Structure formats: C-alpha cells, structure tokens
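J.: can't give you the sequence, but here's the structure:
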C-alpha cells in the first residue's frame, strides 16, 4: 500500500511540476525587452471591425463611438455591429450612427453564429483585415493606426493586442485584472520573446480577412470560438504577433456569480478544443508544427486557480499524514507563487491586491464545481452581463 501511495505521489508531482515549470519559463521570458514597435506605414489597409452584441444594450453605444473616433481614414474602415436580442431603442440609436448594423435573432445565440453572419453579410473582397472587438471593449483613437502599422509587414497575418482592465471597481474585478495581466505576461509577451506564437484572447485581435473568413466559416463551436480558431490557424503554421503597447480596454468580472459563469465557458472551450484537435498531435510533431503542439499542451493544463488550490491542498494534506512526502510539494508551491508574482505588473502591487487575494479560495471552489459542469456549458452559450456598477 505504501508503495502504491509513493507511486501516485510521484506521478502527480511530476505532472504538476511540468505544468509549473512551463509557466515559470515563460514568466521569466516576459521580463525581457518588449518586441520592437512596428514602423509607421503610409498604406492604409481596409478594416472591418466586427462587434458581436448579444443583449449588450448597456455598453454597445460607448464601444461603437470609440471605434468611430479613430485617427484613421474613415473610408478605410467599417464598424459592423451584429445586434442579437437587443432592445429596439438600442437598435434605433445604432442605426443613426455611420456603421453597418446587422440585426439577427438566433434561437440559440453564440458569438460564432454572429461573426459568421457578419462575414456572410459583408463583401469579403472589400476588406484586407478583420478586427474583432467585444461589445464592452473601448479602444483609443490611435488603435487602428497601430494595428495597421503591424500589418504593414507582409509576413504578419494575425495580431493580438494588449487587453487591459477597463474597471477596477470591485475586489473581484481587481483580481480578474491581475489574472488577465498574468496571462498577457506568460502566454503572450513571454511566448513571443521566445519565438513562439502569442495566445489569442477573443477580442482585440486582427486577422488577414481571407484567412479569418476561411477559418471562421468552418467553426461550429458554441463557446470560446477563439480557442478553435487559434488551433486551426496554428496547424496552418500561422504565427500570432503581439502588440504589448496597443491597448484595448475590457470590462472585468465584478461579481463572483459572473466569474463562475465566465470561467465555466472558458474551461469548456479549453477541453472542447483539446478533444477536437488532439488527434492532430502526432502529425504536428512529425511536421514540426511546434506552435500548434505548444497550444495543445496548454489545453492539458489546469487553470492557475485550480493549480494553486490543488497544489496547496496536497501540500497541507501530506504535511499532516505523510510529512516526508510534503517537502517537494511545498517547494513547487513556492515556485508557482514566484512564477505568478513575476508575471504581475508592478502597478498592481498595492494593498488592495492583498484584499483581492482573499477571493482566491472561493474562486478555487467555484472552478472546482465548474469541472463537473463542462458538458452542459458546451451545449449552450453562456452570456456574461456587462455594465460597470459604480455603486
């Protein structure tokens, strides 16, 4: 029995250690210099800004107005809003703006359906680049110009910009903002610094139009369309560039209920894409498609909250019942904490962060419950309500 316990212990320890060391490598890599900024170009690409808006009456007008206030030739881009189940008053306001408004009424709504409807609605020969913006996102006036500069390089096919918090009004929003920046450090900046593709994040991402059209029209995912999209493109050896100084403001989760819903959608998308693409692993290794292999490897990981929680629980449990087995677990737990600390930008190291950390145990519990509800999440679209509450 003791031998079996030791074997299980080492198997789990090895799996957890691989996960943690992987994160540590890219966290350290994020400390290197940022990629060079793209040089300014005089050739203006034609952009289609796609906004899938499902019941986004509270935030959509501000988002559209920010998109229209670009220091970019107005005849070189179109803002396209796919209005799904929004109020007539909202649609009336949108129709008064210089945008393309497409009203849909899906029985089972998803971002995938809305984006595909927009692509079918538009003349695909009229645009060079498609930019995906969430209905709650805000971009500054130079945003399009900065993305256009990146596409001035003929080798650039896909660009992910730097998504940052629009609001820090609650402790959960603060924790969510920190989590997003850790992702930016490890899975975007750290990756491109080591020559790997940046991870896509669902919004603030731009694609060569024809490339996006082909990949999206065959996409049938219910949630997390970006997961399937990036796996498809990485298998085609498409490199994802990252613009760390080009920002898009994104609304952060304000309530634990919304955290639970959003993370359930994310977890479902993660394991759905793993199941869909794992069969391509051996051919990818044979053909040296390392970015694809790296992304598939990430799909096997536990989320950081689950990784933190399980590592801590195992460390404490072994300390109580099998102290000699616990030392190595406390070591990797400390390494995991260091890894996360390195990836957190200095501006977040405030006393308020200590208060937000108190939500981590509850977040772990919610994520743990989500593990048993993934099948349900992949059958229907889980919408996250938007609108910053200043109360």
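T.: Thanks, I have the structure now. All of these numbers come straight from a predicted model, not from anything done at the bench.

J.: for the rest of this, base every contact and every neighbour count on C-alpha atoms.
T.: OK.

J.: which other helices and strands does the helix or strand hosting residue 190 contact?
T.: Using DSSP states H and E, residue 190 sits within helix 190-193. Contact partners of helix 190-193 among helices and strands, from 3 or more CA pairs under 8 Å, 6 or more residues apart in numbering; DSSP states H and E: helix 2-29.

J.: which residues does the helix holding residue 190 contact?
T.: Contact partners of helix 190-193, identified using CA atoms under 8 Å, 6 or more residues apart in numbering, comprise 26-35, 197-198, 241-242.

J.: cool, stretch 91-101 as well?
T.: With CA under 8 Å, 6+ apart as the contact definition, stretch 91-101 has outside contacts at 61, 78-83.

J.: same thing but 7 Å
T.: 78-82 (CA atoms under 7 Å, 6 or more residues apart in numbering).

J.: do the same with stretch 285-305
T.: Counting by CA under 7 Å, 6+ apart, stretch 285-305 makes contact with 19, 196-197, 231, 234-235, 237, 270-271, 274, 281, 284, 364, all of which sit outside it.

J.: so how far is residue 311 from residue 217?
T.: Distance from residue 217 to residue 311, counting by CA to CA, to the nearest Å: 41 Å.

J.: likewise for residue 221?
T.: In this view, residue 221 and residue 311 are 32 Å apart by CA to CA.

J.: buried stuff in the helix or strand containing residue 337?
T.: According to DSSP H and E, residue 337 maps onto helix 323-343. Along helix 323-343, the positions that meet the burial threshold by neighbour count (16 or more other CA atoms under 10 Å) are 325-326, 329-330, 332-333, 335-336, 339-340, 342-343.

J.: still on that earlier bit, just give me the closest of the contacts of stretch 285-305 to residue 117.
T.: Using CA to CA, residue 231 is the member of the contacts of stretch 285-305 that lies nearest residue 117, at 21.6 Å.

J.: and that closest one, how many neighbours?
T.: As a burial measure, residue 231 scores 22 neighbours (other CA atoms under 10 Å).

J.: for it, which three-state class applies?
T.: Each residue gets one of three states, and residue 231 gets helix by DSSP: H, G, I helix; E, B strand; the rest coil.

J.: helix, strand, or coil at the residue nearest to it when sequence neighbours are not counted?
T.: Closest residue to residue 231 apart from its sequence neighbours, by CA to CA, 6 or more residues apart in numbering: residue 292 at 6.5 Å. With three-state DSSP as the basis, the three-state label of residue 292 is helix.

J.: can you check the pLDDT for residue 292?
T.: According to the prediction, residue 292 has pLDDT 97.

J.: in which helix or strand does residue 50 reside?
T.: Using DSSP H and E, the secondary-structure element containing residue 50 is strand 47-54.

J.: for the record, mean pLDDT for that strand?
T.: 96.

J.: that one pairs with which strands, parallel or anti?
T.: Using DSSP bridges, strand 47-54 pairs in its sheet with strand 77-84 (parallel), strand 129-132 (parallel).

J.: quick one: closest of the ones you listed to residue 253.
T.: When the strands paired with strand 47-54 are compared by CA to CA, strand 129-132 sits nearest residue 253, at 19.9 Å.
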